[in-house]
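K.L.:
Got a sequence here, can you model it:
(chains A and B)
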Amino acid sequence: MELHESSLRELRQGLQERDFSSVELTTTLLKRISALNPMLNAFVTVTEGEALAAAATADARRAAGEDGPLLGIPLAHKDIFCTAGVRTTCGSKMLERFVAPYNATVVERLAAEGVVMLGKLNMDEFAMGSSNENSHFGPVRNPWHTGMVPGGSSGGSAAAVAAGLVPVATGTDTGGSIRQPAAFCGITGIKPTYGRVSRYGMIAFASSLDQGGPMARNAEDCALLLNVMAAHDPRDSTSHPAAASDFLRGLDRPLQGLRVGVPEEFFGAGLDPEVAAAVQAGIAELARQGAAVRSIRLPNNPHAVSTYYVLAPAEASSNLARFDGVRYTHRTANPADLADLYQHSRYEGFGAEVRRRILVGTYVLSAGYYDAYYRKAQQVRGLIREDFRRAFAEVDVIVGPTTPTPAFPLGAKNADPVAMYLADIYTIAVNLAGIPAASIPCGFTAAGLPIGMQLMGDYFADDLLLNVAHRYQRETQWHRTHPSLQAGEV
Amino acid sequence: MDWEVVIGLEVHAQLNTATKIFCGCPTTFGAEPNTHTCPVCLAMPGALPVLNAAAVDKAIALGLAIGAELNRRSIFARKNYFYPDLPKGYQISQYELPVVGRGSLTVQLADGVEKVVGVTRAHLEEDAGKSLHEAFIGQSGIDLNRAGTPLLEIVSEPDMRSSVEAVAYLKKLHALVRYLDICDGNMQEGSFRCDANVSLRRPGAAYGTRAEIKNLNSFRFLEKAIEYEIVRQRDILESGGQIVQETRLYDANRDETRSMRSKEEANDYRYFPDPDLLPLVLAESRIERVRDTLPELPDAKRARFMRQYALTAYDAGVLTAGRVLADCYEQVAAGVDGKLAANWVMGDLLGALNKAGIEIEDCPVPAEKLRLLVQRIEDQTISGKIAKEVFEEIFYRGGEVDAIIDSRGLRQITDGAAIAAMVDTIVTANPQQAADFRAGKDKLLGFFVGQVMKASQGKANPDQVNAILLERLQKG
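P.N.:
I've put the predicted structure just below:
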């Protein structure tokens, strides 16, 4: 097994047995990044010097007798997590030169475990997008087919993990931004229950929907990362007091008697037949392991996308108001007056999709429109939550496709924002409800593109989702299949 | 027909918590610009607010003090607008559900009439920073030290009908927040600010269109701005014009209000619930805990002063206008006559403070010294007149009451024989006046008293001087 294809368990064993040092591991991956990143564009910033220093520190700690699941393990953060001393761009020109004087809680907690940060990962600007084409730093390419998008907004994270540039990465998910790119790139990712992972230092897109989570090549690696990421944080008022848990503990429980619900609404018009077939086969595998599968209804799911595209832009229009050209952001040259400074700094600093969402969000919150849009959408959000509550009274896990189609070609949906928004049709309801959901690889199309299967659970059933994913991966090989990549290929 | 003026006040009281409302930065005034800041109050990316519990307790205290409904569940909302000293591009405030609901404040007017002014609501919010335009050429400086300082916005009903009533309400509220120790009340530094909504109507008619007047940082400015506004609006209405709903700024230098922006130019603040903060839920136990810490409130104290110290309503009102003054009075009055103590605190002490431009909080004379001085009058060690001399000494130069009395030989002469000797000398030296007195010129008693007091350097006990003189003069 190659180092760049190893699981965290294998890497830890190698480090423990002195097969290789963290510095050697880090050097290997940095070489791979410098060879492949020009093609993939997964990294916005590579922190080679800091990484080698951190690896040396981890090796010294290990030499001094320390050990830990993440000690000396390389990873990279989505460029939405603030990193002290290393620029955090959020994929935007607005923050092209922004260097935070503080670490996000997630970054801080992982650093304390001795991880080695290799750099910051590309993303759709301010996490707004489903293809990673909305980055100021250019699109990320899908390692399985470089003419295809990797998904978004955590496209850099998904591509980097799939391509073996890092074993694990952090991502964030507001409407599917961990799960959809995980599906497109053939990796495993989980959006935890809202409130599990601190949002402090994670640049806000839509505060009531945003949640950080792990992206990795298997469920066990996700569990190892989530063990550190999930914790109550007094700096985040929406952080749950019982956020922390041991996600490894129940990982290997057999699935005998597991009640699986399959929502009819997830298999209707618009679902690619190859995706449908692979997901059905995945569900059959769960049944083979003893799960009881039944059909369920999520009647309000069809309203999820339109509800989301009222609420998320509303919050974003306010969250992004701080990027105003006054303090740490891009500022237009020679503004005529204050209004001019605002208008031009923001016009120049934000890309088209971000501007579109700010306009939509401003509109739906405006006097005279608030009740018709924002308040109504909040009511529908309540109905969507209620759908899940009813469903989880009868089943333990809801299973369906993560995305309606496999990865699509770069540029295919750029002209049609609504078509792009529909790429998240199966993932958005989960964020509106705040429940956890994972995406795991469950097959490939005839053209060789990965297909993702989505597992949804009740509040704080993150451990159950990882358990189901892990048992599935014990019996399947999809997650062990890696793209073949050569430097220079486009 | 007359016009009736309708006034409602919006007061911003800066809560005197040690730290800001959503972060741990200090709230102290006057630091170097931007030194009391952190990622949260600078609105750095990813920074999140965490509510300061002490600010909530202070809001609860005000709610309890004005008998208001406390909303067991209130919501923080974002008020969105762009301004350079508003770093997030929104102010965290409360909109649809404030922490303090309907309450009221009873104000005492000069004619002894009491008036109940309704309080619509009070809500928690954060202050903005400051824009500094002076020291920068072609640019503005931004100081974010104040950004995130907790404010309690207290909104009254349009219940006031004159500038006098508005000032009385504001003074009452000002005294209350200081009693409760929730705000330092410093109007110059802006920790207690007031906006006034003013409109005119014919008595009994519906409310007229109002103007909101901003920047009223003293009681006098409030009074003058309202008076100016009454005349301005009356002139417009009486010449057939219409009042425009607008925000006006009071200019103290010119004593006038000026239009800032009309309703059409007003911002659409796009309020919506702040998703970074959970609803504020008040437990009964928390409310009771705050209730237990409430001090005696001004109205209760005033009633007690009237009862306990036999003071008039006016005197009790003056002495309870502030907590420090009331405490001072009670220390002075301990063990001495309440009325005498009141006269000394309200007359000599407040007079001297006023003359010296000193606040009661910085009074140079400890209450205990003043109490001793009053006691020395009561026990006849010195006369009231001599006491004023001693007071001047301790007020301006310090020192101890008894030591000053002794070192200056101010002790009152109460020895009857000594006084009789002085009386004898004076009467003997003025035979004509003595004869005239006996012939019926009663007024001459004053002359003899004056002469004896002069001879005793003011130290003879005036009552004894009177009695002995009368006896001696009548004897012939």
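
K.L.:
got the contact list for the nearest residue to residue A:253 once chain neighbours are set aside?
P.N.:
Of all residues not flanking residue A:253 in the chain, residue A:467 sits nearest, at 5.3 Å (C-beta to C-beta, 6 or more residues apart in numbering or on different chains). To be clear about C-beta, it is placed using only N, CA and C from the backbone, and glycine gets the same treatment. Residue A:467 is in contact with A:250, A:251, A:252, A:253, A:255, counting by C-beta atoms under 8 Å, 6 or more residues apart in numbering or on different chains.

K.L.:
Which residues are in contact with the last one?
P.N.:
Going back to what we said before, that points to residue A:255. A:286, A:289, A:290, A:291, A:467, A:468, A:471.

K.L.:
Is it in a helix, a strand, or coil?
P.N.:
Under the three-state scheme (DSSP: H, G, I helix; E, B strand; the rest coil), the conformation of residue A:255 reads as coil.

K.L.:
and the contacts of residue A:255, which of them are in helices?
P.N.:
Within those, residues falling in helices by DSSP state H are A:286, A:467, A:468, A:471.

K.L.:
Next one: the third one from residue A:253, what distance?
P.N.:
Read that as residue A:468. Distance of residue A:468 to residue A:253, computed by C-beta to C-beta, to the nearest Å: 9 Å.

K.L.:
Looking at these two, which is more packed in?
P.N.:
Looking at residue A:468 and residue A:253 with other C-beta atoms under 10 Å in any protein chain shown, you find the greater number of neighbours at residue A:468, namely 27 against 14.

K.L.:
returning to that earlier point: list only buried entries from the contacts of residue A:255.
P.N.:
Buried members of those, counted by 16 or more other C-beta atoms under 10 Å in any protein chain shown: A:286, A:289, A:291, A:467, A:468, A:471.

K.L.:
Now do the helix or strand hosting residue B:420: which elements does it pack against?
P.N.:
Element membership for residue B:420, per DSSP states H and E: helix B:416-429. Helices and strands touching helix B:416-429, by 3 or more C-beta pairs under 8 Å, 6 or more residues apart in numbering or on different chains; DSSP states H and E, are helix B:444-455, helix B:462-475.

K.L.:
Tell me the helix or strand right after the helix or strand hosting residue A:432.
P.N.:
Per DSSP H and E: residue A:432 is located in helix A:428-433. Per DSSP H and E, the first helix or strand lying C-terminal to helix A:428-433 is strand A:437-444.

K.L.:
and the longest helix for chain B?
P.N.:
Looking across chain B with DSSP H, the single longest helix is helix B:219-238.

K.L.:
re earlier: mind checking which of the helices and strands packed on helix B:416-429 is nearest chain A?
P.N.:
helix B:462-475 (71.2 Å; C-beta to the nearest C-beta).

K.L.:
by how many degrees do the closest one and helix B:444-455 diverge?
P.N.:
120 degrees (axes from the mean of the first three to the mean of the last three C-alpha atoms, to 10 degrees).

K.L.:
Pull out the buried positions in helix B:462-475.
P.N.:
For helix B:462-475, the neighbour count (16+ other C-beta under 10 Å) marks B:462, B:464, B:465, B:468, B:469, B:472, B:473 as buried.

K.L.:
Switch the residues you listed over to a markdown table; also include pLDDT and distance to residue A:274.
P.N.:
Converted to a markdown table, the buried residues of helix B:462-475 look like this (pLDDT from 0 to 100; distance: C-beta to C-beta, whole Å):
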| residue | pLDDT | distance to residue A:274 |
| --- | --- | --- |
| B:462 | 85 | 115 |
| B:464 | 88 | 119 |
| B:465 | 90 | 120 |
| B:468 | 92 | 125 |
| B:469 | 89 | 125 |
| B:472 | 87 | 130 |
| B:473 | 86 | 130 |
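
K.L.:
between the residues you listed, which is closest to residue B:318?
P.N.:
Distance to residue B:318, by C-beta to C-beta, is smallest for residue B:462 among those, at 28.6 Å.

K.L.:
so who does the nearest residue to that closest one once chain neighbours are set aside touch?
P.N.:
Nearest non-adjacent residue to residue B:462, counting by C-beta to C-beta, 6+ apart: residue B:383, 6.2 Å away. Residues near residue B:383 by C-beta under 8 Å, 6+ apart: B:377, B:412, B:458, B:459, B:461, B:462.

K.L.:
Local confidence estimate at residue A:179?
P.N.:
pLDDT, residue A:179: 98.

K.L.:
what's the neighbour count on the closest residue to it other than its chain neighbours?
P.N.:
Setting aside the residues directly before and after it, residue A:179 is nearest to residue A:439 in space (C-beta to C-beta, 6+ apart), at 3.8 Å. Neighbourhood size, residue A:439 [other C-beta under 10 Å]: 35.

K.L.:
Report whether the expected contact of residue A:439 with residue A:184 is present.
P.N.:
No: between residue A:439 and residue A:184 there is no contact under C-beta atoms under 8 Å: 9.4 Å.

K.L.:
list the residues that contact both of those two?
P.N.:
Residues touching both residue A:439 and residue A:184 by C-beta under 8 Å, 6+ apart: residue A:452.

K.L.:
What's the separation between the closest residue to chain A within the stretch 101-250 of chain B and residue A:99?
P.N.:
Residue nearest to chain A within the stretch 101-250 of chain B: residue B:142 (7.0 Å; C-beta to the nearest C-beta). Residue B:142 sits 20 Å away from residue A:99 when distances are taken as C-beta to C-beta.

K.L.:
out of those two, which sits in the more crowded spot?
P.N.:
Neighbours were counted for residue B:142 and for residue A:99 using other C-beta under 10 Å; residue B:142 has more, 19 against 13.

K.L.:
who does the more buried one bridge with?
P.N.:
Under the criterion DSSP bridges, residue B:142 forms beta bridges with residue B:131.

K.L.:
wait, it sits on residue B:132?
P.N.:
Yes: with contacts counted by C-beta under 8 Å, residue B:142 reaches residue B:132, the gap being 7.4 Å.

K.L.:
Output the set of residues of the stretch 201-350 of chain A in proximity to chain B.
P.N.:
A:201-204, A:206-208, A:234-238, A:314-315, A:317-318, A:320-324, A:326-328, A:338, A:342 (C-beta under 8 Å from any C-beta of the partner chain).

K.L.:
Out of those residues, list just those in helices.
P.N.:
Residues of those located in helices (DSSP H): A:314, A:315, A:317, A:318, A:338, A:342.

K.L.:
Quick one: residues contacting the fourth one.
P.N.:
Residue A:318 makes contact with A:361, A:365, B:78, B:80, B:89, B:90, B:270, B:272, according to C-beta under 8 Å, 6+ apart.

K.L.:
What's the PyMOL syntax to select whichever of those are buried?
P.N.:
In PyMOL, this line selects whichever of these come out buried by 16+ other C-beta under 10 Å:
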select buried, (chain A and resi 361+365) or (chain B and resi 78+80+89+90+270+272)
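
K.L.:
possible to save the contacts of residue A:318 as CSV with distance to residue A:30 and pLDDT?
P.N.:
Formatted as CSV, the contacts of residue A:318 follow (distance: C-beta to C-beta, whole Å; pLDDT from 0 to 100):
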residue, distance to residue A:30, pLDDT
A:361, 40, 98
A:365, 45, 97
B:78, 43, 98
B:80, 44, 97
B:89, 39, 97
B:90, 42, 98
B:270, 46, 97
B:272, 45, 98
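
K.L.:
how about the contacts of residue A:318 in CSV, adding distance to residue A:113 and secondary structure?
P.N.:
Output for these, formatted as CSV (distance: C-beta to C-beta, whole Å; DSSP: H, G, I helix; E, B strand; the rest coil):
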residue, distance to residue A:113, secondary structure
A:361, 37, helix
A:365, 41, coil
B:78, 35, strand
B:80, 39, strand
B:89, 35, coil
B:90, 36, strand
B:270, 41, coil
B:272, 38, strand
